[in-house]
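Participant: Sequence and predicted model, in that order:
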Amino acid sequence: MSRKKTSKSKAGSAPATSALPAANGPRPVRPGTARPCPEAPPNGPPQPGWSSIGGGGDFYDVAFKVMLVGDSGVGKTCLLVRFKDGAFLAGTFISTVGIDFRRGTGPRTLGAPPPRTGPCWSWLVVFQNKVVDVDGMKVKLQIWDTAGQERFRSVTHAYYRDAHALLLLYDVTNKASFDSIQAWLTEIQEHAQDDVVLMLLGNKVDSAQERAVKREDAEKLAKDYGLPFMETSAKTGLNVDLAFTAIAKELKQRSTKAPSEPRFRLHDYIKREGRGSSCCRP
Ligand SMILES: Nc1nc2c(ncn2[C@@H]2O[C@H](COP(=O)(O)OP(=O)(O)OP(=O)(O)O)[C@@H](O)[C@H]2O)c(=O)[nH]1
Ligand SMILES: [Mg+2]
């Protein structure tokens, strides 16, 4: 994309081509050497009082940290739940409001228990692991869900620096969330790695009657910034798996591509595979 590069120190951050876990520094990717999931969250700032959680014994060849960002209410948590569990639980919106992580099917929380009602709730920054098969290689995506509320931005910034990919969401029924995208891009430019893989997603496309953001406007924005773009629905599942799979393919190829292998083209892939819409090349 045509984001400006800033010369800033991001010491300690893992480059986008490294494999997780990064707790002991980035490791080179070794295709074919499956290893168990780490016991502790490998990324993010150290938090006093965090207990370690296991990865459930999933094996993988390479692993990457993916973050979901965007305004509060755009559907980040729901998108993650849809991808991880294939579910959409309609109901009261419970915003992600702090920091923690969970794994497997149930939440694991520290401190006071979170509310147990509502849809794709989470009360903290959380991550979920999912291993996807990419051309015979097991790619683990460690997907971090963040709080979209403005007041938590300074906390979530700290998680950007070692993210390999960012899914930037807006809500197609909420113009303000689309208007925030440029500000999000500025934040990303400031806090994320320069070579982070970035994709723009317009979520809630199932709510056609309430649409407030034209697809063409988002396509234009995406084109201006050279971002791959799709409309998604956490409710119906439209393009959700595709978004994560495309990211996994791009990251996997960046880290393991042999010189003779043809380059994976993310824009072309989602354009070909996406339903509804996808674009855009500058
Ligand atoms: N119709 C529709 N509703 C959705 C979709 N995704 C999420 N929602 C609803 O939008 C609301 C917000 O969803 P969340 O996933 O909690 O939003 P979030 O981006 O995680 O919000 P924060 O945690 O505050 O940053 C909930 O009421 C969801 O049920 C979707 O694809 N379609
Ligand atoms: Mg949330």
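Facilitator: Ah, there it is. If you're wondering where the values come from, they're calculated on a predicted model, not measured in any experiment. Ligands and ions are numbered 1, 2, ... in the order given.
Participant: Excluding chain neighbours, what is closest to residue 253?
Facilitator: Ranked by CB to CB, 6 or more residues apart in numbering and with sequence neighbours excluded, the top spatial neighbour of residue 253 is residue 264, at 4.1 Å. The C-beta positions use only the backbone N, C-alpha and C, and glycine is treated the same way.
Participant: cool, and residue 146?
Facilitator: residue 156 (4.3 Å).
Participant: Look at the one you found and report its pLDDT.
Facilitator: Per-residue pLDDT puts residue 156 at 75.
Participant: Wait, it touches residue 145, no?
Facilitator: No. Assessed by CB atoms under 8 Å, residue 156 is found out of contact with residue 145, at 10.0 Å.
Participant: The residue nearest to residue 253: what secondary structure?
Facilitator: Following DSSP: H, G, I helix; E, B strand; the rest coil, we place residue 264 in the coil state.
Participant: quick one: contacts for it?
Facilitator: Counting by CB atoms under 8 Å, 6 or more residues apart in numbering, residue 264 touches 249, 250, 253, 257.
Participant: Just the buried ones from those residues?
Facilitator: Buried members of the contacts of residue 264, counted by 16 or more other CB atoms under 10 Å: 249, 250, 253.
Participant: So which of those sit within strands?
Facilitator: If you go by DSSP state E, these have nothing in strands.
Participant: average model confidence for the host helix or strand of residue 142?
Facilitator: Residue 142 belongs to strand 137-145 when assigned by DSSP states H and E. Strand 137-145 shows a mean pLDDT of 92.
Participant: next structured bit after the helix or strand of the chain with the lowest mean pLDDT?
Facilitator: Taking mean pLDDT, DSSP states H and E as the measure, the helix or strand of the chain with the lowest value is strand 35-36, at a mean of 29. Next helix or strand after strand 35-36 toward the C-terminus (DSSP H and E): strand 59-60.
Participant: average pLDDT across that next one?
Facilitator: 89.
Participant: Which secondary structure state does residue 69 sit in?
Facilitator: Relying on three-state DSSP, one would call residue 69 strand.
Participant: ditto for residue 178
Facilitator: helix.
Participant: I figured it hits residue 211, correct?
Facilitator: No. Using CB under 8 Å, residue 178 makes no contact with residue 211, being 10.8 Å away.
Participant: Please identify which of those two sits among more neighbours.
Facilitator: Relative neighbour count places residue 178 above the other of residue 178 and residue 211, with 23 against 17, counting by other CB atoms under 10 Å.
Participant: buried set for the longest helix along the chain?
Facilitator: Looking across the chain with DSSP state H, the single longest helix is helix 240-256. Residues of helix 240-256 classed as buried by neighbour count (16+ other CB under 10 Å): 240, 242-256.
Participant: Going along the chain from that helix, find the next helix or strand for me.
Facilitator: Beyond helix 240-256 toward the C-terminal end (DSSP H and E), the next one is helix 266-273.
Participant: Summarise which helices and strands that following helix is packed against.
Facilitator: Where contact means 3 or more CB pairs under 8 Å, 6 or more residues apart in numbering; DSSP states H and E, helix 266-273 is packed against strand 197-203, helix 240-256, strand 278-279.
Participant: Looking at stretch 273-282 now, give me its mean pLDDT.
Facilitator: Stretch 273-282 comes out at a mean pLDDT of 60.
Participant: Next: stretch 229-236.
Facilitator: Across stretch 229-236, the per-residue pLDDT values average to 96.
Participant: Good, we can wrap up now.
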